[in-house]
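# no FASTA, just this:
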C-alpha cells in the first residue's frame, strides 16, 4: 500500500485528487494539508510514502517546503504538482529535491503512474516539461556538462534503467545483479556525473540522449 500525503491549498483540488486515487487498491490517502508548513508537520507525523506537493501555496510555498522536508532524516519522496509551467518554478522544485513533476492537467493515469514510480524510488518528469527542464539545466551550467563517456558500459545500463523509472531492486533483477552491486553503480554514477540525486542523474541521461 502506497500512503500519499496531499498538500494543496485548494480544497477542490484535494477532493479531485482523492477521487482519482480512490479506485486504486494500492493507493491510500495518509492525510492532507492546506499549506507548506502544515504539510511539513503532517509529513513528520504521518510518515507517508509519497508527498504530493503543490508549488504555489500560502504560508510556505511548495519549493521551500520540499527543500526543508528533504533535510529530514529518511524523507519521503516529493512529487511536485502545479498548474504553472514557468521555467524557474520547474527548476526550483527539482533543485529543492523533488523526485518528480506533474502538471495539474495531466491525465489521471499519468498522476497515478508518477506516484507509483516515485514511491518505489524512481523519478518522474511530465513529458510536456522535460525539454524545458533540460534547457534550464543547460542555461544554468557554469562549466562543461558531464559526459556519459566517463561511465562504464554497466553504469550506462544502470542509468538507462533508472531513467526509465526502475528502482534499485528492479535494476538488479533486469541485469541479474545484487541490489548491493546496483547501489555501488548508482553511487559511482552520481560521483562521475556530479549528480546529487537520482533526479539530477536522470536529467543528465535525458540530456545525453540515453533515453528518449
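Arrived safely, thanks for sending. Here the structure is a predicted model, which is why all the values come from computation and not from measurement. Numbering: from 1, shown residues only.
# OK, contacts around residue 182?
By C-beta atoms under 8 Å, 6 or more residues apart in numbering, the contact set of residue 182 is 158, 168, 171, 172, 175. (Glycine included, C-beta is placed from N, CA and C.)
# Look up phi and psi at the closest residue to the last one other than its chain neighbours.
By that I understand residue 175. In space, not counting the residues next to it along the chain, residue 175 is nearest to residue 157; the distance is 6.2 Å by C-beta to C-beta, 6 or more residues apart in numbering. As for residue 157, its main-chain torsions (degrees, to the nearest 10) stand at phi -60, psi -40.
# any idea which helix or strand carries the nearest residue to residue 69 once chain neighbours are set aside?
In space, and not counting its chain neighbours, residue 69 is closest to residue 75: 5.2 Å by C-beta to C-beta, 6+ apart. Using DSSP states H and E, residue 75 falls within no helix or strand.
# Count the neighbours of residue 75 for me.
By the measure other C-beta atoms under 10 Å, the count of residues near residue 75 is 16.
# circling back: nearest to residue 8, out of the contacts of residue 182: which one, please.
When those are compared for distance to residue 8, the smallest value, 30.3 Å, is given by residue 168; criterion: C-beta to C-beta.
# any idea how far that closest one is from residue 161?
Residue 168 sits 10 Å away from residue 161 when distances are taken as C-beta to C-beta, to the nearest Å.
# how is the chain carved up into domains?
Per automatic domain parsing, the domain ranges recorded for the chain read 2-138, 144-207.
# Can you lay out these as JSON lines showing mean pLDDT?
Supplementary listing: the domains of the chain in JSON lines, determined by pLDDT from 0 to 100:
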{"stretch": "domain 2-138", "mean pLDDT": "88"}
{"stretch": "domain 144-207", "mean pLDDT": "83"}
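# quick one: the residue nearest to residue 175 and residue 117, what's the gap?
Here the criterion is C-beta to C-beta. By it, residue 157 lies 19 Å from residue 117.
# How about residue 94?
Taken as C-beta to C-beta, the span from residue 94 to residue 117 is 15 Å.
# and residue 99, how far is that from residue 23?
When C-beta to C-beta is applied, the distance between residue 99 and residue 23 equals 24 Å.
# still on that earlier bit, out of residue 157 and residue 117, which sits in the busier spot?
In this view residue 157 and residue 117 are compared by other C-beta under 10 Å, and residue 117 has more residues nearby, 21 against 17.
# A helix includes that one, no?
Yes: according to DSSP: H, G, I helix; E, B strand; the rest coil, residue 117 belongs to a helix.
# Can we start the residue count at 593 from this point?
Sounds good: first residue 593 from here, last item residue 709.
# So for residue 691 and residue 615, which sits in the more crowded spot?
residue 691 (28 against 9).
# Pretty sure residue 668 is one of the things that one touches, is it not?
No: with contact defined as C-beta atoms under 8 Å, residue 691 and residue 668 do not form a contacting pair (9.1 Å).
# For residue 663, which residues are in contact?
When the contact criterion is C-beta under 8 Å, 6+ apart, residue 663 has no partners at all.
# quick check, residue 607 in a helix?
Yes: using three-state DSSP, the assignment for residue 607 is a helix.
# Against residue 775, how distant is it?
Residue 607 is 40 Å from residue 775, where distance means C-beta to C-beta.
# how about stretch 764-778: buried residues?
Buried residues in stretch 764-778, counting neighbours by 16 or more other C-beta atoms under 10 Å, are found at 764, 767, 769, 773, 774, 777, 778.
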